[in-house]
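Student: please work out how this folds:
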Amino acid sequence: MTESPARRLIAAFVDLVFGHDGRIGRLRYWLGLMAATAIVGFAAGLADGAVPGTGDIGRYVAFVFIVGLMIWTHSAVTVKRLHDRNRSGLWYFLYGLAPPVLLLWAIYLHAEKQFDAASPMYVFAALGFFWVTIELGLMRGTAGPNRFGPHKQRQS
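Tutor: This is a model prediction of the structure:
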């Protein structure tokens, strides 16, 4: 018995946004980031409706869930793209976490009025986001198979 096209599409979507194995090209990377953002936004909207009346604990639980979902979906898409660039998923710590952490650190320093320390952190964060966009979003992946599997061509 063959799977229906709709079922294959749903399975491919779930794998794109939640699975960490395999490789994806630039187009699927951008589509995956948009899908991950939509999923996190939808979850945040649900939490916004569910949290009132639960007090601080409800907000904390919702925050942890949403941040965890955001990291999971972002890492799934980014790790597969790193695989396409023939890099291990461990590079996610540099490509996926370092720029946002530097930005949060800069914002914290800025709020503490430590402007001399915040300014370089803003620059490093911007350079990090710029490099991730260039390397993962614009550069081609490894042609042919690499240690993370074959390059998947478009299926007709």
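Student: you'd agree Arg140 is in a strand?
Tutor: No. Counting by DSSP: H, G, I helix; E, B strand; the rest coil, Arg140 is not part of a strand but coil.
Student: can you give me the distance of it to Ala76?
Tutor: 21 Å (Cβ to Cβ, to the nearest Å). Heads up, the C-betas are built off the backbone N, CA and C, glycines and all.
Student: compare neighbour counts for these two and give me the winner.
Tutor: Just comparing Arg140 and Ala76: by other Cβ atoms under 10 Å the higher neighbour count belongs to Ala76, 23 against 9.
Student: where does pLDDT dip in this protein?
Tutor: 1, 152-156 (pLDDT under 70).
Student: geometric centre of it: which residue is closest?
Tutor: The residue lying closest to the centre of the chain (Cα atoms, centre = their mean) is His74, at 1.7 Å.
Student: quick check: closest non-adjacent residue to that residue.
Tutor: Ala36 (5.6 Å; Cβ to Cβ, 6 or more residues apart in numbering).
Student: what helix or strand does the one you found sit in?
Tutor: Taking DSSP states H and E as the definition, one finds Ala36 inside helix 26-50.
Student: returning to what we had before: that's a strand at the residue nearest to the centre of the chain, yeah?
Tutor: No. Counting by three-state DSSP, one finds His74 to be helix, located in no strand.
Student: now it: how far from Ile39?
Tutor: Taking Cβ to Cβ, one finds His74 at 10 Å from Ile39.
Student: swap in Ala126?
Tutor: 26 Å.
Student: could you do Gly55 as well?
Tutor: The gap separating Gly55 from Ile39 is 26 Å, by Cβ to Cβ.
Student: more neighbours: which of these two?
Tutor: Ile39 (16 against 9).
Student: outline the domain layout of this protein.
Tutor: For the chain, automatic domain parsing gives the domain ranges 12-86, 89-140.
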